[in-house]
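[1] fold the following.
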Amino acid sequence: MARRGSYAKGVAKREEILTTALDVIARNGYRRTSVRELADAVGLSQAGLLHYFSSKEELFQEILRKRDEVDTEGIDFQTNQSIEVFFQVIRHNSEVPGLVQLYAQLSTEACDADHPAHEFFVKRYDAFRAVFGDMLRSEQAAGRLDPDLDLDRIGNLFLAAADGLQTQWMLDPSIDMAEHVAYLWHLITRKA
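    Okay, here's the model as predicted:
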């Protein structure tokens, strides 16, 4: 019985670490946040913090997984297939520049098939394309998208636009990422 309680405490501590890390990185930035600082924020040593993760890379991967979880909390993608949800997430990104930096850095590093986060990003992009593809099919069925559009390509282009705009925004914060993606959406939708 003690083992089960110990496991629950470990899961709770891991969640505390991830939730706290979201705040610390969003506030300080990815480059200016050390594992030591994250450990201090949750009352652990660096070794104690890394006890909950197999590596520093896994810690940062799990921070991004938690970010996705928080960003999509309460959204039922089966019933809410609105492009507005996508715009909301992009708008929110401008409020958490450190997490955008972490995402950009880790996603680039994960292009190496041997990187610990490689599979995470492959699955993340697949999941995005599936959700966005469903939303596009719904829009096309409603007559708001040209029936001749290749929806798989459109999904990839929106993902590329969002990621590319994040990079541009990190270099020039005056760029309104959501506005640019909304304009792209405007370009492919039909006028009633």
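
[2] remind me what the worst-scoring helix or strand of the chain on mean pLDDT packs against, helices and strands.
    Counting by mean pLDDT, DSSP states H and E, the chain has its least confident helix or strand at helix 2-28, which shows a mean of 83. Under the contact definition 3 or more CB pairs under 8 Å, 6 or more residues apart in numbering; DSSP states H and E, helix 2-28 sits against helix 35-41, helix 56-71, helix 97-109. For the C-beta atoms, the positions are set from N, CA and C on the backbone; glycine is no exception.

[3] pull the distance from the shortest one to the chain's centre.
    Distance of helix 35-41 from its chain centroid, counting by CA atoms, centre = their mean, to the nearest Å, is 22 Å.

[4] report the buried residues of it.
    35, 38-39, 41 (16 or more other CB atoms under 10 Å).

[5] pull that helix out as PDB, backbone CA atoms only.
    Provided in PDB are the C-alpha atoms of helix 35-41 (Å, rounded to 0.1, in the frame of the first residue of the first chain):
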ATOM      1  CA  VAL A  35      17.600  23.200 -14.500                       C
ATOM      2  CA  ARG A  36      18.900  24.600 -11.200                       C
ATOM      3  CA  GLU A  37      16.400  27.400 -11.300                       C
ATOM      4  CA  LEU A  38      13.500  25.000 -12.100                       C
ATOM      5  CA  ALA A  39      14.700  22.700  -9.200                       C
ATOM      6  CA  ASP A  40      14.800  25.700  -6.800                       C
ATOM      7  CA  ALA A  41      11.300  26.700  -7.800                       C
END
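
[6] now the element after that helix, going C-ward?
    Per DSSP states H and E, the first helix or strand lying C-terminal to helix 35-41 is helix 46-50.

[7] may I see the buried residues of that next one?
    Those would be 49-50, for helix 46-50 by 16+ other CB under 10 Å.

[8] CA atoms only: put it into PDB for me.
    What follows is helix 46-50, C-alpha atoms only, in PDB (Å, rounded to 0.1, in the frame of the first residue of the first chain):
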ATOM      1  CA  GLN A  46      19.000  19.400  -9.700                       C
ATOM      2  CA  ALA A  47      19.600  15.700  -9.100                       C
ATOM      3  CA  GLY A  48      16.300  15.500  -7.300                       C
ATOM      4  CA  LEU A  49      14.400  17.200 -10.100                       C
ATOM      5  CA  LEU A  50      16.000  15.000 -12.700                       C
END
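
[9] what about it, average pLDDT?
    The average pLDDT within helix 46-50 is 91.

[10] how about stretch 117-135?
    In this model, stretch 117-135 has a mean pLDDT of 92.

[11] ok, residues contacting it?
    Residues from elsewhere that reach stretch 117-135 (CB atoms under 8 Å, 6 or more residues apart in numbering): 57-58, 60-61, 64-65, 68, 77, 81-83, 86, 106-107, 109-112, 151-152, 155-156, 158-159.

[12] out of those residues, which end up buried?
    Looks like the contacts of stretch 117-135 have 57-58, 60-61, 64, 81, 83, 86, 106-107, 110, 151, 155-156, 158 buried, using 16+ other CB under 10 Å.
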